[in-house]
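>>> Below: sequence and its predicted model.
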Amino acid sequence: MGRLFGTDGARGIANSELTCELAMDIGRAAAMVLAHHGQARPKVLIAMDTRISSQMLECALSAGLCSVGTDVVSVGVVPTPAAAFLVKKLQCNAGIMISASHNPCEYNGIKLFDGEGYKLPDALEEEIESIVLDQSCAVPVPIKGDLGRIVYRPDAVDLYIDHICSTVRERLDGLKVALDCANGAASKTAYRIFSSLGAQCCMLCDQPDGVNINEGCGSTHMEKIADFVVKNGCDVGLAFDGDADRCLAVDHEGNLIDGDKMIAIAALDKKKNGTLKNNTVVMTVMSNIGFFKFAKENDIQVLTTKVGDRYVLEQMKANGHCIGGENSGHIIFSDYATTGDGQLSGLQLLAIMKRTGKSLKELAKVMETFPQVLVNIKTTNAIKETYERDEHVIASIRAVEETLGNDGRVLVRASGTEPLIRVMLEGKCIDEITALAEQIADTIRAL
């Protein structure tokens, strides 16, 4: 992980950790790196989610970019995957998404994309870090006509909506769908996408006010949409996070369909249709044991990466695979997108329901989910860097692994975006793995 950019961009509390000055410096440095790599007058797209600090940071980033002679294309509030799509569609040299994804409104972040809509390579992020943190080179000071300009394209979101709708042939007429937009970027796009294909849409949390993003709603609070679906007789519910790059679902009974099951449903459908490239799915180490059992039973190969959709995407790009993701709901369909896209994922799921005539509950039976416990431990960056080498933590993990044997697994990892260490256990007995997870967590808390 870099000094400024984590696994999903630069993040922090807006106006305290992620300041206007830092945003301006990042914009200026990004433009300088682009110019260094052959773009004489780069054009950079900027998009944002609905949190109150996004406009402030957009202004700072735009000022930094323009101050060194880079033009800016501002597309306003759109989902992160829309920003990635529009970078290439509008022929920009790079893109910036201002969002902190599923985090509370006080946080924000800056995520960079290259001209093809992929997350910026580590090497270029490191060059930007060097300019921002080390002042590794002199900052140019253009004047007169050499300054950058800002062009506003609020209509650009229409191009994204048209693209998402074009990825399926099926109409959604007859489906009653609940959509939880997390008071985030999907508030601008979800109704238009799903209603235009014929679905009867029941909207939840689609009235952003700048501070209610992810507040008790969206894909991190699935109880809300589960309750709504059951009470209102919906066929399915889809919940997005603040920047709409992830999606989780519930069936008509309110049962959770997580990212693992959504990927399993889509992968099996692709295998049956002969479109599962290389007969392979790319997952992370956080994927449930049940997914690997499903894959074995259906003769599907699984490649495993570190946690983070950027690592999933790297593996997919390197080997030409077409589907991969995380159980958190980041799902990448590389035939249509360069990053995780919650609305695209949800649409693919509904298309399978229409194509097969099966309910989501029936489709989800392809995979059994083993009990899983996840304990998040708030900590400091110093402990995040050193806990793996602590002898007490090592001994505690080893003891739990010996207790579980072949009937479960342990995964302890530091979050790439938050001040957390995550302890995850899977096994046959929920009570046992809950107690064992707390046993490891208590050891880490004592550091």
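Alright, I've got the coordinates. Nothing here was measured: the structure is a model prediction, and the numbers come from that model. Numbering: from 1, shown residues only.
>>> So for stretch 133-142, mean pLDDT?
Across stretch 133-142, the average pLDDT comes to 86.
>>> which outside residues touch it?
The set of residues external to stretch 133-142 that reach it, using C-beta atoms under 8 Å, 6 or more residues apart in numbering, is 3-4, 28, 32, 67-69, 130-131. Where you see a C-beta, it was placed from the backbone N, CA and C, and this is true even at glycine.
>>> do the same with stretch 21-39
Residues external to stretch 21-39 that are found in contact with it (C-beta under 8 Å, 6+ apart): 4, 10, 42, 44, 57, 60-65, 67-70, 93-94, 96, 110, 112, 124, 127-128, 131-132, 137, 139-140, 148.
>>> Now with 6 Å, please.
Among residues not part of stretch 21-39, those counted as contacts by C-beta atoms under 6 Å, 6 or more residues apart in numbering are 42, 57, 60-61, 63-65, 68, 70, 93-94, 110, 124, 127-128, 131-132.
>>> Mark which of those residues are part of helices, please.
In helices, judged by DSSP state H, the following of the contacts of stretch 21-39 are found: 57, 60-61, 63-65, 124, 127-128, 131-132.
>>> Turn the residues you listed into CSV, columns for distance to Gln372 and neighbour count.
Below are the ones in helices among the contacts of stretch 21-39 laid out as CSV (distance: C-beta to C-beta, whole Å; neighbours: other C-beta atoms under 10 Å):
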residue, distance to Gln372, neighbour count
Leu57, 36, 28
Ala60, 40, 22
Leu61, 39, 27
Ala63, 45, 17
Gly64, 43, 26
Leu65, 43, 29
Leu124, 36, 18
Glu127, 39, 21
Ile128, 37, 25
Ile131, 42, 21
Val132, 39, 20
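>>> Distance to Phe194 added to those, as TSV?
Below are the ones in helices among the contacts of stretch 21-39 laid out as TSV (distance: C-beta to C-beta, whole Å):
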residue	distance to Phe194
Leu57	30
Ala60	35
Leu61	32
Ala63	37
Gly64	37
Leu65	35
Leu124	36
Glu127	41
Ile128	37
Ile131	43
Val132	40
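>>> With respect to Leu411, which of those residues is nearest?
Leu124 (30.2 Å; C-beta to C-beta).
>>> Please identify the helix or strand for the closest residue to that closest one other than its chain neighbours.
When the adjacent residues along the chain are set aside, Leu124 lies closest to Val33, with 5.7 Å between them (C-beta to C-beta, 6 or more residues apart in numbering). Secondary structure assigned from DSSP states H and E places Val33 in helix 20-36.
>>> before we move on, the earlier item: grab the two from the contacts of stretch 133-142 that are most spread out in space.
Pairwise distances across the contacts of stretch 133-142 peak at 26.2 Å for Arg3 and Gly69 (criterion: C-beta to C-beta).
>>> So for the two, which sits in the more crowded spot?
Counting neighbours by other C-beta atoms under 10 Å for Arg3 and for Gly69 shows that Gly69 has the greater number, 21 against 13.
>>> Apart from its chain neighbours, what residue comes closest to the more buried one?
Distance criterion C-beta to C-beta, 6+ apart; nearest residue to Gly69, sequence neighbours excluded, is Pro142 at 4.5 Å.
>>> and that neighbour, that's in a helix?
No: looking at Pro142 with DSSP: H, G, I helix; E, B strand; the rest coil, it is coil, so not inside a helix.
>>> Tell me, how many residues neighbour it?
Burial of Pro142, expressed as a neighbour count using other C-beta under 10 Å, amounts to 14.
>>> And Ser195, by the same measure?
Here the number of neighbours of Ser195 (other C-beta under 10 Å) works out to 15.
>>> Can I get whichever strand or helix holds it in CSV, CA atoms only?
Secondary structure assigned from DSSP H and E places Ser195 in helix 190-196. Output of helix 190-196 as CSV, limited to C-alpha atoms (Å, rounded to 0.1, in the frame of the first residue of the first chain):
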residue,chain,number,x,y,z
ALA,A,190,-31.2,3.4,-10.7
TYR,A,191,-34.8,4.3,-11.3
ARG,A,192,-34.1,5.3,-14.9
ILE,A,193,-32.2,2.1,-15.6
PHE,A,194,-34.6,-0.5,-14.2
SER,A,195,-37.9,1.3,-15.0
SER,A,196,-36.8,1.9,-18.6
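>>> Contacts only, for the closest residue to Cys247 other than its chain neighbours.
If the residues on either side of it in the chain are set aside, Cys247 comes closest to Gly342, at 3.4 Å by C-beta to C-beta, 6+ apart. Residues counted as contacts of Gly342 (C-beta under 6 Å, 6+ apart) are 240, 244-247.
>>> Likewise for Gly308?
Under the criterion of C-beta under 6 Å, 6+ apart, the contact list for Gly308 reads 7, 416.
>>> Phi first, then psi, for it.
Dihedral angles phi and psi of Gly308 (degrees, to the nearest 10) take the values phi 130, psi 120.
>>> Just the C-alpha atoms of stretch 172-187, please, in PDB.
What follows is stretch 172-187 as a C-alpha-only set of coordinates in PDB (Å, rounded to 0.1, in the frame of the first residue of the first chain):
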ATOM      1  CA  LEU A 172     -38.100  -6.800 -16.900                       C
ATOM      2  CA  ASP A 173     -41.800  -6.400 -17.300                       C
ATOM      3  CA  GLY A 174     -43.700  -8.200 -14.500                       C
ATOM      4  CA  LEU A 175     -40.900  -7.900 -11.900                       C
ATOM      5  CA  LYS A 176     -41.500  -5.800  -8.800                       C
ATOM      6  CA  VAL A 177     -38.100  -4.600  -7.700                       C
ATOM      7  CA  ALA A 178     -37.100  -2.600  -4.600                       C
ATOM      8  CA  LEU A 179     -34.000  -0.400  -5.100                       C
ATOM      9  CA  ASP A 180     -32.100   1.000  -2.100                       C
ATOM     10  CA  CYS A 181     -29.800   3.700  -3.400                       C
ATOM     11  CA  ALA A 182     -28.100   4.400  -0.100                       C
ATOM     12  CA  ASN A 183     -28.900   8.200  -0.600                       C
ATOM     13  CA  GLY A 184     -25.800   8.000  -2.900                       C
ATOM     14  CA  ALA A 185     -25.000   8.200  -6.600                       C
ATOM     15  CA  ALA A 186     -27.400   5.500  -7.600                       C
ATOM     16  CA  SER A 187     -30.200   8.000  -6.700                       C
END
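>>> contacts for that stretch?
If you take C-beta under 6 Å, 6+ apart as the criterion, stretch 172-187 is touched by 49-50, 77-79, 190, 194, 197-206, 208, 212-214, 217-218, 225, 228-229, 234-244, 350.
>>> now do stretch 314-321
Applying C-beta under 6 Å, 6+ apart, the contact partners of stretch 314-321 are 277-278, 280, 282, 303, 305, 324, 334.
>>> Which positions in it come out as buried?
Along stretch 314-321, these residues count as buried under the neighbour rule (16 or more other C-beta atoms under 10 Å): 314-316, 321.
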